[in-house]
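> sequence-free structure coming up:
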């Protein structure tokens with residue numbers, strides 16, 4: 001088996017399933033949302049997708065237009081459920 005490097009957490013793994021692109025389910029979830037870094041949704045700008053989960057959902061570091069930075073669930077930001085820091 002050929003080792004590969006996970007694009008999210010940079011760990012080196014050996015995998016029997018060649019279709020897998022990441023080392024774990026949490027890294028696969030993070031990989032789906034990496035394209036949203038730098039984009040603005042309503043009043044929030046996505047600074048970084050974090051490799052952390054809350055309630056099995058990916059967290060992102062965001063900055064509101066007023067300057068406050070906080071961690072939010074990326075799905076809530078993208079869908080419009082979370083629109084600002086308040």
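Great, that's in hand. Computed from a predicted model, the values in this text were never measured in an experiment.
> where in the chain is pLDDT low?
Along the chain, segments meeting pLDDT under 70 span 1, 15-20.
> all helices of the chain, in order?
With helices called from DSSP state H, the chain shows them at 25-33, 74-79.
> dump those into JSON lines; add mean neighbour count and distance to residue 40 as well.
All C-beta atoms are positioned from the backbone trio N, CA, C, and that covers glycine. Formatted as JSON lines, the helices of the chain follow (neighbours: other CB atoms under 10 Å; distance: least, CB to CB, whole Å):
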{"stretch": "helix 25-33", "mean neighbour count": "17", "distance to residue 40": "15"}
{"stretch": "helix 74-79", "mean neighbour count": "17", "distance to residue 40": "10"}
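> of all these, which one is nearest residue 52?
Of all the helices of the chain, helix 25-33 sits nearest to residue 52, with 8.2 Å by CB to CB.
> which secondary structure elements does the closest one contact?
Where contact means 3 or more CB pairs under 8 Å, 6 or more residues apart in numbering; DSSP states H and E, helix 25-33 is packed against strand 44-54, strand 57-64.
> what's the angle between it and strand 44-54?
Using axes from the mean of the first three to the mean of the last three CA atoms, to 10 degrees, the inter-axis angle of helix 25-33 relative to strand 44-54 is 170 degrees.
> how many degrees apart are helix 25-33 and strand 57-64 in direction?
Orientation check (the same axes, to 10 degrees): helix 25-33 against strand 57-64 gives 40 degrees.
> distance from the chain centre to helix 25-33, please.
6 Å (CA atoms, centre = their mean, to the nearest Å).
> a markdown table for the helices of the chain, including distance to residue 59?
Below are the helices of the chain laid out as a markdown table (distance: least, CB to CB, whole Å):
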| stretch | distance to residue 59 |
| --- | --- |
| helix 25-33 | 9 |
| helix 74-79 | 7 |
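> about what we covered before: winner for burial among the helices and strands packed on helix 25-33?
With neighbours taken as mean count of other CB atoms under 10 Å, the helices and strands packed on helix 25-33 reach their highest mean count in strand 57-64, at a mean of 19.
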